[in-house]
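S.K.: give me a 3D structure for the following:
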Amino acid sequence: MFEKYAYLITSLAFLVLFIGGLVVSPRRIRSSIVLSAFLSAPISFASLIFVPGYWNPNRIMHFIIGPEDFIFSFSTGGIAWVMAVWFVRHKMIFNFEKRSIIRRYIKFIVIGSIINLFFLMMNVGIMFSTIITVVILGLWILFQRLHYWFISVSGLIGFTVCYLILLKLSFYFFPDFIYQWNFEHFCGLFIWGIPFEEIIWSMACGSVWPLITAYLFDARSAPIQNISLDRVKIGI
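M.R.: The predicted structure follows:
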């Protein structure tokens, strides 16, 4: 029974990791973490193009998307943002203006869908089309906000490590889970027992989703307040 619902259990494991990261994060960034996760949740609808071409997971409910897809997208988006800002020691300020976030969010969805469709029509493959699209969006953001590079690198390292460890553990406890992927269209390369496509996806997600989140929130470093020494008296 547990083997059958490996996708659900794995998704819940990511959710637990997300909640843990949220709890130990500073209060000043918790709202941004939760919002980042909710903004990532609609990406679960990408399963419409990934199933069954890329993989065909067992779900507890047979809809166009399952609860597992939503939990997975929600959790991974939140984890990527946690890993990106965890190492940022200076205070960051965010603009949670609703209209601005929605406008930019829709722009990313539309542009990303067009780019992805183009590469799909070029027969690049489902996963690599998605990865190329994500990388293009990330480079576009960095071109405008080069100072976001640090959260991109932090997200790349932190999220990739977490994702690969959890996926490896899932393959260890549920040996048949890996057969839910459709290897007919894969490159055939495995590293540490993990499909190469999954590794590249985790790197793309970890490095670019924090960029998108930061751009949506118009994230900026808080200005450093200068301390005036004019009235400081030194007693001898």
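S.K.: okay, residue 36: pLDDT?
M.R.: What the model reports as pLDDT for residue 36 is 96.
S.K.: that should have said residue 10, apologies.
M.R.: Reported pLDDT for residue 10: 95.
S.K.: work out for me the element it sits within.
M.R.: Residue 10 belongs to helix 6-24 when assigned by DSSP states H and E.
S.K.: list the buried ones in that helix?
M.R.: Going by neighbour count (16 or more other Cβ atoms under 10 Å), the buried part of helix 6-24 is 6-15, 17-18, 21-22. (Glycine included, C-beta is placed from N, CA and C.)
S.K.: of those, closest to residue 96?
M.R.: Proximity to residue 96 was ranked across these by Cβ to Cβ; first place goes to residue 22, at 16.9 Å.
S.K.: can you list the buried residues in stretch 160-175?
M.R.: Judged by neighbour count (16+ other Cβ under 10 Å), stretch 160-175 contains these buried residues: 160, 162, 163, 164, 166, 167, 170, 171, 174.
S.K.: elements contacting the host helix or strand of the fourth one?
M.R.: Right, residue 164. Per DSSP H and E: residue 164 is located in helix 149-173. Where contact means 3 or more Cβ pairs under 8 Å, 6 or more residues apart in numbering; DSSP states H and E, helix 149-173 is packed against helix 6-24, helix 67-85, helix 126-144, strand 194-195, helix 196-216.
S.K.: tell me the spacing between residue 167 and residue 161.
M.R.: 11 Å (Cβ to Cβ, to the nearest Å).
S.K.: could you pull up the residues touching the residue nearest in space to the middle of the chain?
M.R.: Centroid-nearest residue in the chain, with Cα atoms, centre = their mean: residue 77, separated by 3.7 Å. Residue 77 sits next to 36, 37, 39, 40, 41, 43, 209, 213 when contact means Cβ atoms under 8 Å, 6 or more residues apart in numbering.
S.K.: using PDB, write out every CA atom in the host helix or strand of the third one.
M.R.: Element membership of residue 39, judged by DSSP H and E, is helix 27-40. Taking Å, rounded to 0.1, in the frame of the first residue of the first chain, the C-alpha atoms of helix 27-40 are listed here in PDB:
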ATOM      1  CA  ARG A  27       9.700  35.900  11.500                       C
ATOM      2  CA  ARG A  28      10.500  38.800   9.200                       C
ATOM      3  CA  ILE A  29      10.600  36.500   6.200                       C
ATOM      4  CA  ARG A  30       7.900  34.000   7.100                       C
ATOM      5  CA  SER A  31       5.100  35.800   5.300                       C
ATOM      6  CA  SER A  32       7.300  35.900   2.100                       C
ATOM      7  CA  ILE A  33       7.900  32.100   2.400                       C
ATOM      8  CA  VAL A  34       4.200  31.300   2.700                       C
ATOM      9  CA  LEU A  35       3.300  33.500  -0.200                       C
ATOM     10  CA  SER A  36       6.100  32.100  -2.300                       C
ATOM     11  CA  ALA A  37       4.700  28.600  -1.700                       C
ATOM     12  CA  PHE A  38       1.200  29.600  -2.600                       C
ATOM     13  CA  LEU A  39       2.400  31.300  -5.800                       C
ATOM     14  CA  SER A  40       4.300  28.100  -6.700                       C
END
